[in-house]
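In: pasting the structure only:
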């Protein structure tokens, strides 16, 4: 089996049993509660993770926590390997001491979830994971660093998933500098994932279900957090930090030239950054969870052009995409994009062999104009094998 | 002079003298005030249009209101025709009666601004305009419709510019249905433009000047407003309504497949719409104010693919982009994109012949891979001539 032909899912979530049990004890969001099903009258569990969530949240069941359900889903879609992460809102709502304890326990749980799972070969497991840091207000640097060290020592955990709040002041908080340094040194991938969206008043008062906060709020949040990291110079100071953006970076690629223009017109901000804002997109990784071929092709364009925007001093080794017809640039960008499913969210509306959301993401990769089969294989799995250093 | 080779600016603003004088009388945002320049000590006027605006707002001068300054800017950048619109926040902050009176006066002022300006030929002026509607809480349907009729009767006004608040509940407010009907019947183009962004808490507490609200907040607002129009079925009910989106539609193109996926997973919303969410992008117009060639190319892709997402019944005449290598689809989308500058915003940092922001937008059009010269000419001016029916 060639590593180049594996299908690897880098965006796939779990509520570990310990976490789900904890949510069942809670009386405020996030929580899991039981109610009689409106249809059958039988008790059903519901998950509420957002304030003012419509429709009493969403149904939740074994696919959210049982490893066998994850593997069944993987088998159904021919997914060889999954890099599993806890789902939002992680530990954001907890006091610092509880967050530290629960993070430590959940990291050990996830290591077991992976290590006790099946193998694909002598060197490759089917399950790897992103750990959790106790990123909550009041968390001490010592607590954060010790959790980074814990994760780095767990052989099946390859990174951390995090939201955008940090210690309460966002990810551009200077207090996080030691955390970036530790993550960079440990070679752990940071999977940046949204939860809060933007202020709900933006959605108006029409009955649109989850559509607006999920379709727009989530990617806006990722875009804002990543932009704030760029503007704070985090990627200048930690060039080895590897950040994977959920949902193909949200709106960051499409707004990146506007961002560069706004920075260029604001001398104080511009003076702070080593490069044009577009340069930093070439330092990031993007999942391929955008549901459309044109979107993926464009994201790869925005990555592939990034080196053209290196400042003069840094551009000597750059510009491998120069003088092309557009395809070479797009192919370059494919090296930083990684297949994902967002399982167990976006389940099919009716029982069916395959999930529409997964099929669409696979079709999108296959449909990108300008990617050849090697590029598509890289996005489907090869990039993940390399990024997470799996199987070696 | 062939209409196909004109350079037409569809995104260019003015604070008409009557409006600027009104802002000078105000003591709260939006307002124009005078202070001693920190450098020279001489009095200088500043414009404050956003709450908590950093740096005491921005300097404002003749380029914001004088027609000669607009024409000088046009000449400097070889812009033949400008379709001028009042700048944000328009009349949003006024009581309904004041808004109606001022809208009526400003529409007459703008008609004079255009008609008394120079001509390019016997049939073509150099200046056209977007009028204002008194879209504020408490505005009556009669007041709005009479203003639509006023604008429709003014020969140089070709549309209306509007923000996203409507009567206070957004543009998906059922109370606006008669307004959409009247605008559609009058063949007036709606230029949808942001002002409020999203909740400022999203930007954090770092000193980033105007960068985050302008680079991200503005396009997010446009994206939300347009999505809410789509979800409310406005484009299903008013298929002849022509809406031009500022800043290339913000993040809508990049999030459109995600939007379609979220709608498809929400049966109540999906049942309401005649088509896949992506279909509606093909009914919209997008300015080409995105500062990057890849962005423009992608927007044209998202427009060009739209007909593939027509519901089965409607797709008979569609799919002219089917079976292509990607270029035909991109060329199709070029028919709905229109050059703009955002003048007098984003002025050069130092005195120079040309504005960097304008040069970048022209270079972006020129650099789109897949557009031929005819497509670029269409985006530079031909599309505007056709959309606004100029010179005939």
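Out: The structure has been received and is ready for your questions. Quantities reported herein were computed from a predicted structural model and do not represent experimental measurements.

In: all contacts plus neighbour counts: C-alpha atoms, from now on.
Out: Noted.

In: Look at residue A:352 and report its pLDDT.
Out: We note a pLDDT of 68 for residue A:352 in this prediction.

In: residues from the stretch 51-200 of chain A in reach of chain B?
Out: A:169-170, A:172, A:198-199 (C-alpha under 8 Å from any C-alpha of the partner chain).

In: If you rank the residues you listed by neighbours, which is first?
Out: residue A:172 (24 neighbours; other C-alpha atoms under 10 Å in any protein chain shown).

In: Would you check that it makes contact with residue A:228?
Out: Yes - counting by C-alpha atoms under 8 Å, residue A:172 touches residue A:228, with 5.8 Å between them.

In: Do a quick rundown of the helices in the stretch 101-250 of chain A.
Out: Remark: helices assigned in the stretch 101-250 of chain A by DSSP state H, counting those that start in this stretch are A:141-153, A:177-186, A:211-212, A:218-231, A:234-237.

In: I'd like those helices as JSON lines, with mean pLDDT and distance to residue B:10 appended.
Out: JSON lines is the format used below for the helices of the stretch 101-250 of chain A (pLDDT from 0 to 100; distance: least, C-alpha to C-alpha, whole Å):
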{"stretch": "helix A:141-153", "mean pLDDT": "98", "distance to residue B:10": "51"}
{"stretch": "helix A:177-186", "mean pLDDT": "98", "distance to residue B:10": "44"}
{"stretch": "helix A:211-212", "mean pLDDT": "96", "distance to residue B:10": "29"}
{"stretch": "helix A:218-231", "mean pLDDT": "98", "distance to residue B:10": "27"}
{"stretch": "helix A:234-237", "mean pLDDT": "98", "distance to residue B:10": "37"}
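
In: got CSV for those, with mean neighbour count too?
Out: Below are those laid out as CSV (neighbours: other C-alpha atoms under 10 Å in any protein chain shown):
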stretch, mean neighbour count
helix A:141-153, 18
helix A:177-186, 18
helix A:211-212, 22
helix A:218-231, 24
helix A:234-237, 18
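
In: Distance to residue A:130 added to those helices, as CSV?
Out: Listed next are the helices of the stretch 101-250 of chain A as CSV, based on distance: least, C-alpha to C-alpha, whole Å:
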stretch, distance to residue A:130
helix A:141-153, 9
helix A:177-186, 12
helix A:211-212, 27
helix A:218-231, 18
helix A:234-237, 21
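
In: In the stretch 101-250 of chain A, what residue lies closest to chain B?
Out: Nearest residue of the stretch 101-250 of chain A to chain B: residue A:215, at 5.0 Å (C-alpha to the nearest C-alpha).

In: contacting residues for that residue?
Out: For residue A:215, the contact set (C-alpha atoms under 8 Å, 6 or more residues apart in numbering or on different chains) comprises B:255, B:258-259, B:262.

In: Closest one of those to residue B:53?
Out: residue B:255 (28.6 Å; C-alpha to C-alpha).

In: Residue ranges in the stretch 51-200 of chain A under the pLDDT threshold?
Out: A:54-55 (pLDDT under 70).

In: if we go to 90?
Out: Along the stretch 51-200 of chain A, segments meeting pLDDT under 90 span A:51-59.

In: And the strands in it?
Out: A:58-59, A:81-86, A:127-132, A:157-162, A:189-192 (DSSP state E, counting those that start in this stretch).

In: Tell me which of the ones you listed sits most buried.
Out: strand A:127-132 (a mean of 29; mean count of other C-alpha atoms under 10 Å in any protein chain shown).

In: for the residue nearest to the spatial centre of chain A, what are its contacts?
Out: The centroid of chain A falls nearest to residue A:246 when counting by C-alpha atoms, centre = their mean (3.5 Å). Contacts for residue A:246 (C-alpha under 8 Å, 6+ apart) come out as A:11, A:191-194, A:219, A:222, A:286-287, A:289.

In: Out of those residues, which is nearest to residue B:150?
Out: Set against residue B:150, the nearest of the contacts of residue A:246 by C-alpha to C-alpha is residue A:219 (40.8 Å).

In: from what I can see the closest one touches residue A:251, true?
Out: Yes - contact criterion C-alpha under 8 Å: residue A:219 and residue A:251 qualify, at 6.2 Å.

In: which residues do those two both contact?
Out: Common neighbours of residue A:219 and residue A:251 (C-alpha under 8 Å, 6+ apart) are residue B:255.
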